[in-house]
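Undergrad: return a 3D structure for these sequence lines:
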Amino acid sequence: MNSKHQYIDLYRTNAEAIDSGSAPALNRLRPQAAAALEATDFPVRGAEGYERTDVNAMFGPDYGVNIHRLDIPADIAASWRCDVPNMSTLLGVVANDAFIPSASLESRLPEGVIFTSLRRAALEYPELVANAYGSTAPLTDSMVALNTMLAQDGVFIRIPRGCRMSRPLQLVNIFSAPTPMLAPRRVLVVMEEGSEAQLLVCDHTQDCNRSYLSSEVVEIIMGENARLDYYCIEESSAMTSRHSQLFARQESGSVLMVNSSTLTAGNTRNDFTVTVNGKGCDTRLSGMVIASDGMHVDNSVNMLHLAPKCHSDQLFKYVAGGKASCAFQGRILVSEEAPFTDAYQTCRSVLASPEARMHAKPQLEIYNDEVKCSHGATTGQLDADALFYMRTRGIPEAEARTMLMQAFMADVIETVRMDGLRDRLRHLVEKRFAGKDASCSECHASCRERHTDPNND
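TA: The predicted model follows:
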């Protein structure tokens, strides 16, 4: 039995309660989403032609869903300490599936900037939300349909025309529920013409002894000449599963940078779909994965060039140890209407143990002759010559391996354009490879379970 049916039944039985806990601008898509979900199935392992996440199995367990909007206790005060050192951010928290702003957030936002609950925004700015919600995330995708059917709240960010944010926005997602829980999380970002912003999203789990599942859909709408840096760092637990989809639409002259880091997790699947609709756009997608024990991390990129004179660059790197399994699928499509496109894709992986697995599937689909495109994927072990050289200089093998793996991740970290965040990522990666708790010592939102050093798996 496909696990989708338990969620369709949940919606059919509780449709009135689900609608009452949300807003009309969000409720209007629920019946369509339920019908779309009934007409399709969840992805299963290997269905895309390589070893991807079995989403049907991921969503199979009977997780609770907070459809009655109960107040679930969470250590919100600890989450305020999740500010990355040496950075001053405007901070909000999603506790399980409810947005909670910091006490002074609204008073510190520039005029016209909105960073608030999606439900609240849908009530206060119904036309603005209705025009954007669901405009980039298609209901024909079964996982989008599931999220749209169940999501009652989320996060809404709007940067008005011409506004250039001097301080980054930060969103901390935390799991802290007394029972196993599915949290349908939704993020809607509207970057109006000529606006600029940076957004940092951090995923944490406070209770490492509970099973949690995040169903996340992020929609980003980039107006002409808008600029957005979107960073995501996952530091969750071995019992936390995450299914995250990001859909972005770029208009002429817009610049989008997405950087995703998975440092600790259980079972994670991240899908990135970027549609370039206007000429002269720039898109940078990068990510790094450090997987150990029995972690599974799966990244997929669908880069759609539909307009001329645009540039995109993808760089993903993995280090897998223990019995970790990882996957990467990267697709670049260049349409007939997109001459003079420059599009590049690179995936490089290191297997730090004999039992680790990596599956990579790079793809190019080009329907125009006037382009510059390349793609490639490599999987191997640490450079034996470099390791031997370092050991002849008196560096112990474990330390030499750690240093080489840190150097391997350096160019992904260098894509980060926030100085404080870039420095912090270097520190977290160093601790992670050393087998220490990779979580920020100042942030008590993260659980304190120990993750194994990939060197020693």
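
Undergrad: can we go C-alpha only for contacts and neighbour counts from here?
TA: OK.

Undergrad: tell me which element Ala183 is part of?
TA: strand 181-191 (DSSP states H and E).

Undergrad: surely Glu16 is in a strand?
TA: No. Residue assignment for Glu16, taken from DSSP: H, G, I helix; E, B strand; the rest coil, gives helix, which places it outside any strand.

Undergrad: these two touch, right, Ile233 and Ser261?
TA: Yes. Ile233 is within contact range of Ser261, at 4.8 Å (criterion: C-alpha atoms under 8 Å).

Undergrad: rewinding a little: any idea of the mean pLDDT in the strand holding Ala183?
TA: When pLDDT is averaged over strand 181-191, the result is 97.

Undergrad: give me the angle between the helix or strand just after it and strand 181-191.
TA: Taking DSSP H and E as the definition, the helix or strand that follows strand 181-191 towards the C-terminus is strand 196-205. Calculated by axes from the mean of the first three to the mean of the last three C-alpha atoms, to 10 degrees, strand 196-205 forms an angle of 170 degrees with strand 181-191.

Undergrad: what about strand 196-205, distance to the chain center?
TA: Per C-alpha atoms, centre = their mean, to the nearest Å, the displacement of strand 196-205 from the mean C-alpha position of its chain is 9 Å.

Undergrad: could I get that strand in CSV with only the CA atoms?
TA: Coordinates of the C-alpha atoms in strand 196-205 are reproduced here as CSV (Å, rounded to 0.1, in the frame of the first residue of the first chain):
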residue,chain,number,x,y,z
GLU,A,196,18.6,42.2,-2.0
ALA,A,197,18.6,39.9,1.0
GLN,A,198,20.4,37.0,2.7
LEU,A,199,18.6,34.2,4.4
LEU,A,200,20.1,31.5,6.7
VAL,A,201,18.0,28.5,7.6
CYS,A,202,19.2,26.1,10.4
ASP,A,203,17.6,22.7,11.1
HIS,A,204,17.9,21.2,14.6
THR,A,205,16.4,18.5,16.7
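
Undergrad: tell me which other helices or strands that strand touches.
TA: Strand 196-205 sits against strand 169-175, strand 227-235, with contacts defined as 3 or more C-alpha pairs under 8 Å, 6 or more residues apart in numbering; DSSP states H and E.

Undergrad: any chance you could map the helices in the chain?
TA: Assigned by DSSP state H, the helices in the chain fall at 4-20, 24-27, 30-38, 55-58, 76-79, 105-108, 118-124, 126-132, 142-150, 384-392, 397-413, 419-433.

Undergrad: any weak-confidence spans in the chain?
TA: Per-residue confidence of the chain (counting by pLDDT under 70) places the weak regions at 1, 45-51, 76-86, 436-453, 455-457.

Undergrad: which residue ranges form the strands in the stretch 201-350 of the chain?
TA: For the stretch 201-350 of the chain, strands defined by DSSP state E, counting those that start in this stretch occupy the ranges 212-222, 227-235, 240-250, 255-264, 267-276, 282-291, 296-305, 311-320, 325-334, 341-351.

Undergrad: could those go into JSON lines alongside distance to Pro160?
TA: Supplementary listing: the strands of the stretch 201-350 of the chain in JSON lines, determined by distance: least, C-alpha to C-alpha, whole Å:
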{"stretch": "strand 212-222", "distance to Pro160": "11"}
{"stretch": "strand 227-235", "distance to Pro160": "12"}
{"stretch": "strand 240-250", "distance to Pro160": "16"}
{"stretch": "strand 255-264", "distance to Pro160": "16"}
{"stretch": "strand 267-276", "distance to Pro160": "21"}
{"stretch": "strand 282-291", "distance to Pro160": "21"}
{"stretch": "strand 296-305", "distance to Pro160": "26"}
{"stretch": "strand 311-320", "distance to Pro160": "25"}
{"stretch": "strand 325-334", "distance to Pro160": "31"}
{"stretch": "strand 341-351", "distance to Pro160": "29"}
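
Undergrad: dump those into a markdown table; add mean neighbour count and distance to Met358 as well.
TA: Below are those laid out as a markdown table (neighbours: other C-alpha atoms under 10 Å; distance: least, C-alpha to C-alpha, whole Å):
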| stretch | mean neighbour count | distance to Met358 |
| --- | --- | --- |
| strand 212-222 | 24 | 23 |
| strand 227-235 | 21 | 19 |
| strand 240-250 | 22 | 19 |
| strand 255-264 | 22 | 15 |
| strand 267-276 | 21 | 14 |
| strand 282-291 | 24 | 11 |
| strand 296-305 | 23 | 10 |
| strand 311-320 | 24 | 8 |
| strand 325-334 | 24 | 5 |
| strand 341-351 | 22 | 7 |
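
Undergrad: nearest to Gln32, out of the ones you listed?
TA: Minimum separation from Gln32 across the strands of the stretch 201-350 of the chain (C-alpha to C-alpha) falls at strand 212-222, 16.6 Å.

Undergrad: still on that earlier bit, closest one to Arg417 among the helices and strands packed on strand 196-205?
TA: Arg417 lies closest, by C-alpha to C-alpha, to one member of these: strand 227-235, at 7.9 Å.

Undergrad: what strands line up against that closest one, and which way round?
TA: The partner list of strand 227-235 in its sheet, established with DSSP bridges, is strand 196-205 (parallel), strand 255-264 (parallel).

Undergrad: could these go into a markdown table alongside distance to Thr346?
TA: Below are the strands paired with strand 227-235 laid out as a markdown table (distance: least, C-alpha to C-alpha, whole Å):
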| stretch | distance to Thr346 |
| --- | --- |
| strand 196-205 | 24 |
| strand 255-264 | 14 |
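
Undergrad: which one of those strands lies nearest to Ile221?
TA: For Ile221, the closest of the strands paired with strand 227-235 is strand 255-264, at 10.2 Å, according to C-alpha to C-alpha.

Undergrad: show me the contact partners of the closest one.
TA: Here strand 255-264 makes contact (C-alpha atoms under 8 Å, 6 or more residues apart in numbering) with 225-238, 250, 281-291, 297, 415-416, 429, 432, 438, 451.

Undergrad: sorry, back to before: hey, which of the helices of the chain is tucked in deepest?
TA: When neighbours are counted by mean count of other C-alpha atoms under 10 Å, the highest per-stretch mean among the helices of the chain falls to helix 142-150, a mean of 25.

Undergrad: residues contacting Glu355?
TA: Glu355 neighbours (C-alpha under 8 Å, 6+ apart): 321-324.

Undergrad: now, which of those residues sits nearest Asn14?
TA: The shortest separation between Asn14 and any of the contacts of Glu355 is 38.4 Å, and it belongs to Ala324 (by C-alpha to C-alpha).

Undergrad: could you check how far the residue lying farthest from the centre of the chain is from Val301?
TA: What lies farthest from the middle of the chain is Thr392; by C-alpha atoms, centre = their mean that is 41.0 Å. According to C-alpha to C-alpha, to the nearest Å, Thr392 stands 41 Å off from Val301.

Undergrad: all set, thanks.
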